[in-house]
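Undergrad: please find the sequence and the predicted model below.
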Amino acid sequence: MNINENYKNLEESYLFSTVAKKVNEFIQKNPDKKVIRLGIGDVTRPLCKAVIDALHKAVDEMGVQSTFRGYGPEQGYEFLRQAIQKYYKKRNVELELDEIFISDGAKSDIGNILDIFSTKNTVLVPDPVYPVYVDTNVMAGRKVIFSDANGNNGFLPLPDENINADIIYICSPNNPTGAVYNKEQLRKWVEYALKNKAVILFDAAYECFISDESLPHSIYEIEGAKNCAIEFCSLSKTAGFTGTRCGYTIVPKSHEKLNKFWLRRQTTKFNGVPYIIQRGAEAVFSESGQQEIKENINYYKENAKIISDTLEKCNISHTGGKHSPYIWLKCPNNMTSWEFFDYLLENIQVVGTPGSGFGKNGEGYFRLTSFGSKENTIEAMQRFEKLFK
Ligand code: MLT
């Protein structure tokens with residue numbers, strides 16, 4: 001057999017696995033120290049009541065002959081797709097039910113979608129960005145080019161007419177920088193994609209954190225986007241589903257082949273998300289579910305403010321936090337991202353994510369998440385202040 005040699009072109013291990021390994025090594029050597037993890041964007045608030053009630057009810061249904069369910073539709077149950085359809089309608093985005101596909105989270109579908117695209121395509125990825133976009137394309141041997149996101153463009157690169165790209169990734173609000181495109185800026189990307197017959201893969205996993213209602217939550221708020229964009233969303237950060245696993249992908253029918261091929265791919269390789277989980281996900285979109293998840297999101301936003309205020313006091317330049325759970329900061333004293341990671345771990349036992357793990361433009365930057373508990377966030381920032389003020 002021949003192995004997929006493209007894997008040799010990847011970093012030795014996935015960014016968050018490397019971070020976890022380093023932290024575990026530190027803990028083994030220093031078992032008495034309390035480490036505070038503000039690295040991986042993993043939620044800490046429990047699932048809300050509306051979701052728990054729906055999960056319990058669905059569990060009971062599975063134990064009764066008349067309501068038991070076996071294989072579900074690969075594309076997801078209609079009740080959940082209808083809830084998502086309504087959710088989009090609130091922003092005047094019209095979706096047909098068969099344009100909505102239920103997934104076990106955005107990460108899987110962001111990787112899986114590549115099955116329907118030729119490996120000859122050139123891929124344009126912003127740098128820095130969520131490492132999954134690059135890694136999944138490197139695995140398939142696609143050519144990856146980058147658009148620079150930096151302080152000069154507010155970490156929001158715009159299309160360059162001199163560059164030819166077939167597949168374009170956009171993550172807004174951005175992971176890791178927290179920057180959000182406004183409608184005018186997103187329109188430029190849509191126009192570019194339509195003109196170049198490219199597809200935009202729009203990652204909306206953090207849309208719920210947008211505070212300013214004039215900013216777009218979905219690429220379909222831009223005219224023409226249904227002709228060139230696929231959107232991925234997840235309940236992980238929105239509703240605390242990192243361990244429960246449910247998301248959704250919108251593949252418009254305006255491009256008939258994309259929708260048809262994706263359905264073909266899913267029916268062959270995927271047996272759907274468990275019924276119980278889809279009932280829990282449906283409850284996220286109910287009135288009480290929306291109210292309850294908002295309380296959790298506000299909790300994380302308060303953490304973001306605590307982090308941001310501390311960095312301000314320490315004169316550390318930073319962005320993000322306002323429309324995103326991530327705070328993106330410039331490492332003090334010209335330290336590299338990994339130097340700063342080690343420095344924080346050794347001195348104050350606070351874990352963050354090195355910016356260089358998100359791309360070359362992330363070198364010299366560092367990401368902190370607001371997904372910790374309030375107590376831990378306050379304690380981490382007190383340690384931070386002692387070290388830097
Ligand atoms: C992150 O920390 O960037 C995210 O938690 C990773 C993910 O969502 O897979």
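TA: Cool, got the structure.

Undergrad: for the residue nearest to His318 when sequence neighbours are not counted, give the beta-bridge partners.
TA: Excluding its sequence neighbours, the residue lying closest to His318 (Cβ to Cβ, 6 or more residues apart in numbering) is Leu329, at 3.8 Å. (Glycine included, C-beta is placed from N, CA and C.) Leu329 has the following beta-bridge partners by DSSP bridges: His318, Phe366.

Undergrad: next one: phi and psi at Val23?
TA: Val23 adopts backbone torsions of phi -70, psi -40, taken as degrees, to the nearest 10.

Undergrad: brain fart, Cys171
TA: Torsion angles, degrees, to the nearest 10, at Cys171: phi -120, psi 110.

Undergrad: ok, the closest residue to it other than its chain neighbours - contacts?
TA: Closest residue to Cys171 apart from its sequence neighbours, by Cβ to Cβ, 6+ apart: Asp203 at 4.2 Å. By Cβ atoms under 8 Å, 6 or more residues apart in numbering, the contact set of Asp203 is Ala106, Ile110, Tyr130, Tyr133, Tyr169, Ile170, Cys171, Ser172, Asn175, Phe232.

Undergrad: kindly report the same for Val23.
TA: Val35, Arg37, Gly39, Leu345, Val351.

Undergrad: pLDDT, neighbour count and secondary structure for those residues - can I get that in CSV?
TA: Converted to CSV, the contacts of Val23 look like this (pLDDT from 0 to 100; neighbours: other Cβ atoms under 10 Å; DSSP: H, G, I helix; E, B strand; the rest coil):
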residue, pLDDT, neighbour count, secondary structure
Val35, 97, 17, coil
Arg37, 97, 19, strand
Gly39, 95, 25, coil
Leu345, 97, 22, helix
Val351, 97, 23, strand
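
Undergrad: now, which of those sits nearest Gln266?
TA: Distance to Gln266, by Cβ to Cβ, is smallest for Gly39 among the contacts of Val23, at 32.1 Å.

Undergrad: related to what we said a few turns ago, from the contacts of Asp203, which ones fall inside helices?
TA: The helices, defined by DSSP state H, take in Ala106, Ile110, Tyr133 from these.

Undergrad: please report how far the second one lies from Val351.
TA: Separation of Ile110 from Val351 (Cβ to Cβ, to the nearest Å) stands at 25 Å.

Undergrad: repeat for the first one
TA: Note on Ala106: its distance to Val351, by Cβ to Cβ, is 23 Å.

Undergrad: any idea of the pLDDT on the residue nearest to Cys171?
TA: Listed pLDDT for Asp203 reads 98.

Undergrad: that one bridge partners, please.
TA: Going by DSSP bridges, Asp203 is paired in beta bridges with Cys171, Phe232.

Undergrad: for whatever residue of the stretch 151-300 of the chain ends up closest to the ligand, which non-adjacent residue is spatially closest?
TA: Nearest residue of the stretch 151-300 of the chain to the ligand: Asn175, at 5.0 Å (Cβ to the nearest ligand atom). Excluding the flanking residues, the one nearest Asn175 by Cβ to Cβ, 6+ apart is Tyr130, at 4.7 Å.

Undergrad: how near is the residue in the stretch 1-150 of the chain that the ligand sits nearest to to Ile219?
TA: Closest to the ligand within the stretch 1-150 of the chain is Gly41: 3.2 Å, counting by Cβ to the nearest ligand atom. Between Gly41 and Ile219 the distance is 21 Å, computed by Cβ to Cβ.

Undergrad: more crowded one of those two?
TA: More crowded of Gly41 and Ile219, by other Cβ atoms under 10 Å: Ile219, with 27 against 23.

Undergrad: who are the neighbours in contact with the more buried one?
TA: Contact analysis of Ile219 by Cβ under 8 Å, 6+ apart lists Ile170, Leu186, Val190, Ile200, Phe202, Ala204, Ala225, Ala229, Glu231.

Undergrad: now do 6 Å
TA: Phe202, Ala225, Ala229, Glu231 (Cβ atoms under 6 Å, 6 or more residues apart in numbering).

Undergrad: the first one reaches Ala229, doesn't it?
TA: Yes. Because the distance of 5.2 Å satisfies Cβ atoms under 6 Å, Phe202 is recorded as touching Ala229.

Undergrad: now the strands for the chain?
TA: Remark: strands assigned in the chain by DSSP state E are 36-37, 100-103, 122-127, 143-148, 167-171, 199-203, 229-234, 247-250, 318-320, 326-330, 350-351, 353-354, 365-369.

Undergrad: spell out which strands sit alongside the third one in the sheet and which way each one runs.
TA: Pointing back at strand 122-127 there. If you go by DSSP bridges, strand 122-127 pairs up with strand 143-148 (parallel), strand 167-171 (parallel).

Undergrad: now do Lys33: how many residues are near it, please.
TA: Neighbour count of Lys33, defined by other Cβ under 10 Å: 12.

Undergrad: could you find the closest non-adjacent residue to it?
TA: Leaving aside its chain neighbours, Lys33 sits nearest to Gln349 (5.1 Å; criterion: Cβ to Cβ, 6+ apart).

Undergrad: please report how far that neighbour lies from the ligand.
TA: Gln349 is 19 Å from the ligand, where distance means Cβ to the nearest ligand atom, to the nearest Å.

Undergrad: Glu99 versus that residue, what's the distance?
TA: Gln349 is 47 Å from Glu99, by Cβ to Cβ.

Undergrad: do the same with Tyr169
TA: 20 Å.

Undergrad: and His255, what pLDDT?
TA: Per-residue confidence (pLDDT) for His255: 82.

Undergrad: could the strands paired with strand 122-127 go into CSV alongside mean neighbour count and distance to the ligand?
TA: Listed next are the strands paired with strand 122-127 as CSV, based on neighbours: other Cβ atoms under 10 Å; distance: least, Cβ to the nearest ligand atom, whole Å:
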stretch, mean neighbour count, distance to the ligand
strand 143-148, 16, 18
strand 167-171, 24, 10
